[in-house]
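1. What follows is a predicted protein model with its sequence.
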Amino acid sequence: MKTENKKRFHKIVSFMLAAVMMVSVFSVAVPQKAEAAAPSFKGSGKSNVKITDANSYYESGKETVIKFKSKVTGYITLTFSNASNIYDTYGFVTFCNSKKKALGKKDEFYDTLGKPYQKTRTYGVKKGSTYYFKVKSKGGVKINSTVVSVKKNAGTKRTNAKSLGKNKTIKGVIIAGSKAADWYKVKLTKKQILNFYYTAKTNGAVLGNDGKIYCINGIKYTVCKSNGQPLIAGEYDWANLILPSDKDQYYMRNTVTGQKSGLNPGTYYIKVEPLNKTSSGYYTIKWK
């Protein structure tokens, strides 16, 4: 009787183990639904992300978060174009750091007139850093990104300023979130007028409610004397998307006759920095 009970017990255990194995096999065999990969831009070159009408902020109530890890120190330019069957291109983009904290203000984009400052934004980035773009679009939008490498040759302070030669163009980048200034110097061996030409690509200009264009996030240029003080007190130049180029001339003026004359021989400096804490982007300077 005991032997018969043991046999019956072993049969029951074997049946239960077989049942468990069948359930395990079945569980493994059931295909799992894969989650859609989060949108991202390539770390260099060109790429794009497309937001559908259904996934737009206006329809879904959720912003689209796009990841970007830069493979270069330089700048990324975003260009927004229509990808909607219902709406015009309109919305806001916020550039954020690796913790998804805003590096600046929300930048408005739209493409009703096709102007560069309406549909294009440029940000200075650092190699190896991770960033995020938070996009709130009215409808479907295609976002093209172009990443360009820029070698930083500037001095980090006046005492190690990079020399700028006559008729030479120097390129630089202001990194988003950085307060650091770039320093350059020119050396005059004789009395002469200084001519500087500036260009910039930034996250720059906006259209005000009065229909006028305002510089919000440009790049600031200040020409300084040998002691680092502005050559002209309280005066500086700036450039951004709506004013992508600028020219300025520095000279002495006779207070009696009003005639211009060159600056005295010596070393003069150019300080390049963000116009405010939300500024970043690419710039060039030429001494001509």
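-> Okay, I see it.
2. tell me the contacts of Asn97?
-> 103, 129-132, 177 (Cβ atoms under 8 Å, 6 or more residues apart in numbering). Backbone N, C-alpha and C define where each C-beta goes, glycine included.
3. Please list only the buried members of the residues you listed.
-> Those of the contacts of Asn97 that meet the buried threshold are 103, 131-132, 177, by 16 or more other Cβ atoms under 10 Å.
4. for the stretch 1-150 of the chain, which spans come out with low pLDDT?
-> Residues of the stretch 1-150 of the chain meeting the criterion pLDDT under 70: 1-36, 113-114.
5. ok, how many other residues are close to Asp182?
-> Using other Cβ atoms under 10 Å, Asp182 has 24 other residues around it.
6. for it, what are its contacts?
-> By Cβ under 8 Å, 6+ apart, the residues touching Asp182 are 152, 154-156, 172, 174, 271-273.
7. what residues are up against Lys100?
-> 65, 132, 134.
8. just Pro274 next, same as before
-> Per Cβ under 8 Å, 6+ apart, neighbours of Pro274: 174, 178-179, 217, 219-220, 280.
9. Can you check the pLDDT for it?
-> We have a pLDDT of 92 for Pro274.
10. On the strand side of things, show who the residue nearest in space to the middle of the chain bridges to.
-> For the chain, the residue nearest the mean C-alpha position is Tyr123 (1.9 Å; Cα atoms, centre = their mean). Residues in a beta bridge with Tyr123, per DSSP bridges, are Ile76.
11. Pull out the buried positions in stretch 142-159.
-> Residues of stretch 142-159 classed as buried: 143-148, 150, 154-155, 158 (neighbour count, 16+ other Cβ under 10 Å).
12. could you dump the residues you listed to JSON lines with distance to Gln192?
-> Listed next are those as JSON lines, based on distance: Cβ to Cβ, whole Å:
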{"residue": "Ile143", "distance to Gln192": "47"}
{"residue": "Asn144", "distance to Gln192": "44"}
{"residue": "Ser145", "distance to Gln192": "43"}
{"residue": "Thr146", "distance to Gln192": "39"}
{"residue": "Val147", "distance to Gln192": "39"}
{"residue": "Val148", "distance to Gln192": "34"}
{"residue": "Val150", "distance to Gln192": "30"}
{"residue": "Ala154", "distance to Gln192": "24"}
{"residue": "Gly155", "distance to Gln192": "23"}
{"residue": "Arg158", "distance to Gln192": "22"}
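13. So what touches the helix or strand harbouring Ile143?
-> Per DSSP states H and E: Ile143 is located in strand 141-149. Residues outside strand 141-149 that contact it (Cβ under 8 Å, 6+ apart): 41-51, 56, 66, 68, 70-84, 89, 91, 125, 133, 135, 282.
14. Make a PyMOL selection of whichever of the residues you listed turn out to be buried.
-> Buried residues among the contacts of strand 141-149 (16+ other Cβ under 10 Å), as a PyMOL selection:
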select buried, resi 41+42+43+44+48+49+51+56+66+68+70+72+73+74+75+76+77+78+79+80+82+83+84+89+91+125+133+135+282
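15. from the contacts of strand 141-149, which ones fall inside helices?
-> Members of the contacts of strand 141-149 lying in helices (criterion: DSSP state H): none.
16. what separates Ser44 from Ser70, distance-wise?
-> Separation of Ser44 from Ser70 (Cβ to Cβ, to the nearest Å) stands at 8 Å.
17. same deal with Tyr123?
-> In terms of Cβ to Cβ, Tyr123 sits 10 Å off from Ser70.
18. Between these two, which contacts overlap?
-> Common neighbours of Tyr123 and Ser70 (Cβ under 8 Å, 6+ apart) are 76, 131.
19. Show me the domain layout of this structure.
-> As recorded under automatic domain parsing, the domains making up the chain are 40-149, 158-287.
20. wait, what's in contact with the residue lying closest to Arg253 once chain neighbours are set aside?
-> Closest residue in space to Arg253, ignoring its immediate chain neighbours: Lys260 at 5.7 Å, by Cβ to Cβ, 6 or more residues apart in numbering. Taking Cβ under 8 Å, 6+ apart, we find Lys260 in contact with 193, 251-253.
21. residues in contact with Val65?
-> 38-39, 100, 132-135 are the contacts of Val65 under Cβ under 8 Å, 6+ apart.
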